[in-house]
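1. Quick one, what's the 3D model for this:
(2 chains)
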Amino acid sequence: MQIFNLADADQGFIDEVEARSHQNVKTCYQCGNCTAGCPYTFVYDYSVSQIMRLVQTGQKDAVLKCRSIWLCGSCQSCTTRCPNKIDVAQVMDVCRHMAREEGYATERSVKIFADSFLESVERHGRAYELGLMASYMTRSGRVFTDVDLAPQVLMRGKLPFKPHPIQGREQVTRIFERFRKGGKNA
Amino acid sequence: MLKVAYYPGCSGQGTSLEYDTSTRAVCKALDVELVDIPDWSCCGSSPAHTVNHVLSAALSARNLAQVETMGMTKAATPCPSCLTNLRTAAHKMDDPEFKDKVNALLDVPCRNAVDTQSVLQVLAENVDPELIKGKVVKPLTGIKIACYYGCIMNRPPEVMRFDHHENPMAMDNLMALLGAEVVPFPLKVECCGASYGIPRGDIVHRLSGKLLDAGRDVGADAIVTACPLCQMNLDLRQGQINDALRENFRIPVFYYTQLLGYALGIDRAELGFEKLCVDPRLALGRIKQPQQAM
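-> Got it, this is the predicted structure:
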């Protein structure tokens, strides 16, 4: 069992999560409904209701370092079933944003996949599935990811070999550029 | 004739090509005109909202702004992931401060005057069931179907505003209307593992495995979906799931538009059954051939 010292609460962290998620985490009374419906608990280090408690008690390091926030699938079960109408998935998302901004990548492959996907969108305006797979495999070093699926995918013509660039791809690129300039205050 | 702006989504040009072609074909047959958004771009999908909500909303809002330029107020997409992003962007932009931040990233500002719906919602709420029934030439009599909606088409209800968030029935009703035997499917809104197939395949194997297991338990000949990612996880990855879980699932996974198109007698070339990885012929063979008129 882990013990957290409640006197160590980081009030700034609590305030930031609340402000950025527009949620009042204080109203969570730990009923556990979110965890009961969460399909991802089996790969989490903290269940979603534990994350809520860690946020409530300002345990910034524990939250930003954890695996769970990277593995949440945003399936909205927790949000839909919270009796206090807390948008729990939004809180998970905001914690993941903050972890990224502070340089954490506890589930490295998940972060690389997201980065590869967005890089593809930034370049082509649309997601180019084959290109993002190649980028993911190169950056993660996991070059055999899903090679077993290649025959099916190729035989059935599921992946075009060329991207579908759009006319306005520079507009899309500019969205990313302006976002990076604005930083987390974008 | 009902006219809506159409957002196909990136997967519709690759891994779910058959969903796009069958969607277009059934809408045409049911007098719903889909007007392509001319230069649509990616909505950002899950990766964008896991990085930043303003970035995610801006990637969606570029498309909403294009719909506004087309002079239209209603858009439709077959893909629930695109749908979630487009609707969430609009929902968040109801806050003027958030909308300003989004527009600061865009070349063409978004007024936030577009309502985006799933194609399923458009069909369920605008097309008279009697009209559909009247156009059925090959009833789906004989096939047992489990309808799987995926986790985000109806959730959270405050944002999605369609059907029931725990027990949606739009697809069940449609399939029953076409003559199929629809079996109750208890996991119809459970998550399939979403976009973790590539970075954490183990997650998809476990969660999609549960869905296939439930499909088998309820005696379904096939599972019917409305989501490209669900379909890919359940169909393309079914072999991986069998290896990982030491199972022997062989359950075909259709898009609802493919079976709707089949019942409406639409040209097979537009329905793309040959794109499915798990052979659907056995399941389709259960459909009784219509009796010849005496």
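
2. Could you pull up the contacting residues of residue 4?
-> Defaulting to chain A. A:L54, A:T57, A:Q59, A:A62 (CB atoms under 8 Å, 6 or more residues apart in numbering or on different chains). All C-beta spots, glycine's among them, are computed from the backbone N, C-alpha and C.

3. actually it's chain B I care about, not the one you picked
-> For B:V4, the contact set (CB under 8 Å, 6+ apart) comprises B:V32, B:E33, B:L34, B:V35, B:M72, B:K74, B:A75, B:A76, B:Q117, B:V122.

4. How about B:Y7?
-> B:I37, B:W40, B:C43, B:N63, B:A75, B:A76, B:T77, B:C82, B:L86, B:T116.

5. and chain A, which of those residues contact it?
-> Near chain A, taking CB under 8 Å from any CB of the partner chain as the test, the members of the contacts of B:Y7 found are B:W40.

6. Among the contacts of A:F4, which are located in helices?
-> Judged by DSSP state H, the contacts of A:F4 include A:L54, A:A62 as members of helices.

7. and the contacts of A:F4 as JSON lines, adding distance to chain B and neighbour count?
-> Shown next, in JSON lines, are those (distance: CB to the nearest CB, whole Å; neighbours: other CB atoms under 10 Å in any protein chain shown):
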{"residue": "A:L54", "distance to chain B": "19", "neighbour count": "23"}
{"residue": "A:T57", "distance to chain B": "24", "neighbour count": "19"}
{"residue": "A:Q59", "distance to chain B": "21", "neighbour count": "24"}
{"residue": "A:A62", "distance to chain B": "20", "neighbour count": "17"}
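
8. Let's have the contacts of A:F4 in TSV, adding distance to B:G239.
-> Shown next, in TSV, are the contacts of A:F4 (distance: CB to CB, whole Å):
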residue	distance to B:G239
A:L54	39
A:T57	45
A:Q59	42
A:A62	39
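
9. any chance of the contacts of A:F4 in CSV, plus pLDDT and distance to B:C230?
-> Below are the contacts of A:F4 laid out as CSV (pLDDT from 0 to 100; distance: CB to CB, whole Å):
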residue, pLDDT, distance to B:C230
A:L54, 97, 31
A:T57, 97, 37
A:Q59, 97, 35
A:A62, 97, 33
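
10. Tell me where chain B is predicted with low confidence.
-> Across chain B, residues meeting the criterion (pLDDT under 70) sit at B:291-294.

11. what about 50?
-> Low-confidence segments of chain B, defined by pLDDT under 50, span residues B:294.

12. which residue ranges form the strands in it?
-> Taking DSSP state E as the criterion, chain B carries its strands at B:2-6, B:32-36, B:74-77, B:115-118, B:144-148, B:181-182, B:222-225, B:253-255.

13. The last one and chain A, any residue contact?
-> Translated: strand B:253-255. No. If you take CB under 8 Å from any CB as the test, strand B:253-255 misses chain A, and the best it gets is 13.2 Å.

14. Could you chop chain A up by domain?
-> The record's domain parsing of chain A by automatic domain parsing lists A:6-101, A:108-185.

15. so where do the helices sit in chain A?
-> Shown for chain A, the helices assigned by DSSP H span residues A:11-21, A:33-37, A:48-56, A:60-65, A:68-71, A:77-81, A:88-101, A:108-124, A:129-140, A:150-155, A:169-182.

16. Now tabulate the ones you listed in a markdown table and tack on distance to B:Y149.
-> Below are these laid out as a markdown table (distance: least, CB to CB, whole Å):
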| stretch | distance to B:Y149 |
| --- | --- |
| helix A:11-21 | 26 |
| helix A:33-37 | 15 |
| helix A:48-56 | 22 |
| helix A:60-65 | 32 |
| helix A:68-71 | 22 |
| helix A:77-81 | 13 |
| helix A:88-101 | 17 |
| helix A:108-124 | 24 |
| helix A:129-140 | 24 |
| helix A:150-155 | 25 |
| helix A:169-182 | 30 |
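
17. what sits against B:V253?
-> Residues touching B:V253, when contacts are defined by CB under 8 Å, 6+ apart, comprise B:A222, B:I223, B:V224, B:T225, B:Q231, B:L234, B:D235, B:Q238, B:L276, B:V278.

18. From the structure, what's the count of residues near the fourth one?
-> In other words, B:T225. 27 (other CB atoms under 10 Å in any protein chain shown).

19. That one contacts B:I145, doesn't it?
-> No. Distance between B:T225 and B:I145: 10.8 Å, which falls outside the contact criterion (CB atoms under 8 Å).

20. Mean pLDDT lowest where, among the domains of chain A?
-> Here the lowest mean pLDDT among the domains of chain A goes to domain A:108-185, at a mean of 91.

21. Contact partners for the residue nearest to B:C82 when sequence neighbours are not counted?
-> Leaving aside its sequence neighbours, B:C82 sits nearest to B:G9 (CB to CB, 6 or more residues apart in numbering or on different chains; 4.2 Å). Neighbour list for B:G9: B:C43, B:T77, B:P78, B:C79, B:S81, B:C82, B:P228 [criterion: CB under 8 Å, 6+ apart].

22. And B:S208, by the same measure?
-> Contacts for B:S208 (CB under 8 Å, 6+ apart) come out as B:C192, B:G193, B:N233, B:L234, B:R237, B:Q238, B:I241.

23. Those residues into CSV, with extra columns for neighbour count?
-> Converted to CSV, the contacts of B:S208 look like this (neighbours: other CB atoms under 10 Å in any protein chain shown):
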residue, neighbour count
B:C192, 30
B:G193, 29
B:N233, 32
B:L234, 28
B:R237, 25
B:Q238, 23
B:I241, 24
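
24. Which of those fall in helices?
-> Among these, the members falling in helices (DSSP H) are B:N233, B:L234, B:Q238, B:I241.
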